[in-house]
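Colleague: Sequence and computational prediction follow.
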Amino acid sequence: MGNDVRTITLEQLADGAADRPLLSEGAEIDSPMLTVNLDGAAESVTCVRAADRARVSDRILVGLHHGGHELSPDVQKVASALDTTIVAESAPGNRLAVSVPDPDVAVGELHRKVAENPHSTLVLAQVLKLSEHLTVPAAIDVESLAYSTLLGGPEFRRWLEQRGPRPLPPPSPQEPVLVRREDDELLVTLNRPERRNAYGAEVRDGLVEALRLALVDTTITKIVLDGSGPSFSAGGDLDEFGTTPDLATAHLIRTRAGAGRLVAQLADRIEVRVHGSCVGAGIEVPAFADRIVARPDSLFRLPEVAMGLIPGAGGTVSVPRRIGRWRAFWLCVTGVALDVPTARVWGLVDEVSG
């Protein structure tokens, strides 16, 4: 697999330049990512053909646009079929594109990340496209099945080896999730500040129990979810990664014992108040709610691709439905921290408090 960024034109994409087999001899991945140059004009019929080719491509296709203007309507149709598009300037509401100071540098960095973890990035792209029009429960199942596949892959194995063996986290010295009721409101607080409210088994199970209470008690008209300590949640507890007895059980735990499906069911009654680090599950689960209020110090990250995985707490479902699958792909592959102003403009949060 070469390290050079390979760029093709719209005309080449339309003529099948991305169609050659993805796997070479020995099941090696050949050129997992191609860049599509979106500069300049293109005929409408070419754009239609290019979009059709992009939709069925096995490769990750990333648009690149240097111009200081919006893409034309015909090129927008192509961009909608790509995995993401990097531009010098775009309207904040254009979910197809990510604006960066230097598009060439950004594409080069994205290519490097894909080259480091081609299996997880390819699976991520497939899951985002497959899930786009599914119901939330079905999309969560697709995500989890893909996640279990990657748990058996070489990239996650490499990450585990680099991390080294770790003991399981100690039991919580206090209630891992605090639940109290005030009139018709249920107040739920993640309460493992010593572990930055990591979404481990104890916190997950406590949160699920609180949400199930709200599901059966229709007199609860509002649920407020927040976190104690300096962070809302630092995401999955890394000390627990790879400890589930088997991949099939892991799938059922993620989908039937996780909080994402419940938050989606209760979405119109839930307000999540976030602050500090909101990493992995720390934004994947809140993103299912109808309302997220963020303090100005909040930072959002989805780091799983660098571990050889994809988001596994519902993030390939909840985050794209807020910001679009194109920006979600970029956020997952780069692992960059998204600040509150950008998250607010993109629609990842609904209000900034304080």
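Modeller: Everything's here; your move.

Colleague: When you work out contacts or count neighbours from here on, use the C-alpha atoms and nothing else.
Modeller: OK.

Colleague: for the chain, what spans make up the helices?
Modeller: 10-14, 44-55, 73-81, 103-116, 118-131, 136-151, 154-163, 201-216, 247-256, 260-265, 281-284, 315-323, 325-334, 340-346 (DSSP state H).

Colleague: in the chain, which helix or strand is least confident?
Modeller: Least confident helix or strand of the chain, by mean pLDDT, DSSP states H and E, is helix 247-256 with a mean of 92.

Colleague: Does anything pack onto that one? Which helices or strands?
Modeller: Packing partners of helix 247-256 (3 or more C-alpha pairs under 8 Å, 6 or more residues apart in numbering; DSSP states H and E): helix 136-151.

Colleague: And the helix it packs on, how far out from the chain middle?
Modeller: 12 Å (C-alpha atoms, centre = their mean, to the nearest Å).

Colleague: Show me what it is in contact with.
Modeller: For helix 136-151, the surrounding residues in contact (C-alpha atoms under 8 Å, 6 or more residues apart in numbering) are 119-120, 123, 127, 130-132, 156-157, 242, 247-248, 250-251, 254-255, 261, 264, 308-312, 314, 316-317.

Colleague: Give me the angle between it and helix 247-256.
Modeller: Here helix 136-151 runs at an angle of 150 degrees relative to helix 247-256 (axes from the mean of the first three to the mean of the last three C-alpha atoms, to 10 degrees).

Colleague: May I have the least confident helix or strand of the chain exported as CSV, CA atoms only?
Modeller: The C-alpha trace of helix 247-256 is given here as CSV (Å, rounded to 0.1, in the frame of the first residue of the first chain):
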residue,chain,number,x,y,z
LEU,A,247,-17.4,-11.3,20.4
ALA,A,248,-21.0,-12.5,20.2
THR,A,249,-21.6,-11.7,23.8
ALA,A,250,-19.9,-8.3,23.3
HIS,A,251,-22.4,-7.5,20.5
LEU,A,252,-25.4,-8.3,22.7
ILE,A,253,-24.0,-6.2,25.6
ARG,A,254,-23.4,-3.2,23.3
THR,A,255,-26.8,-3.3,21.7
ARG,A,256,-29.2,-4.7,24.3
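
Colleague: What residues sit buried inside it?
Modeller: By neighbour count with 16 or more other C-alpha atoms under 10 Å, helix 247-256 contains the buried residues 247, 250-251, 254-255.
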